[in-house]
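Visitor: Can you look at this prediction? I've put the sequence above it.
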Amino acid sequence: MPVSGLVVTLAHPGTDAEAAAAWLQGHPSFTVGEPDPSSPRRLPVTLDTADRAEDKRLWKEMQDHPGIEFVDVACVFFEEEEEEALPAAQAGQESAAETTHTGSQPW
């Protein structure tokens, strides 16, 4: 069950940004926090999915959404059961690579 802590930067105010915020707030896998008043385009978001396939699908939807300009990844957590399901060599490599990335990725 992947859980990601994100900061989503919305497009400049307008229809696309409003649609993106509504999509995030209305989707059951996202929990949207209150934006900082000094930076209202940046939303704190948690993405909580049942498995990696759903996680990847929702990441793709975020990347393709016209109202989302940028997503900063603060942290990513995976359940131990998921890591145990991976072959031992792959589990260490994939876990380290996916959980230590804290940089920004422009789309």
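Guide: Arrived safely, thanks for sending.

Visitor: CA only for contacts and neighbour counts going forward, please
Guide: Will do.

Visitor: Run the chain-centre distance for the strand or helix carrying Gly5.
Guide: With secondary structure defined by DSSP states H and E, Gly5 is part of strand 3-10. Strand 3-10 sits 5 Å away from the centroid of its parent chain (Cα atoms, centre = their mean, to the nearest Å).

Visitor: what packs against it?
Guide: Helices and strands touching strand 3-10, as assessed by 3 or more Cα pairs under 8 Å, 6 or more residues apart in numbering; DSSP states H and E, comprise helix 15-26, strand 42-48, strand 68-77.

Visitor: With mean neighbour count and distance to Asp55 as added columns, please give the ones you listed in JSON lines.
Guide: Rendered in JSON lines, the data for the helices and strands packed on strand 3-10 read as follows (neighbours: other Cα atoms under 10 Å; distance: least, Cα to Cα, whole Å):
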{"stretch": "helix 15-26", "mean neighbour count": "16", "distance to Asp55": "14"}
{"stretch": "strand 42-48", "mean neighbour count": "20", "distance to Asp55": "8"}
{"stretch": "strand 68-77", "mean neighbour count": "19", "distance to Asp55": "11"}
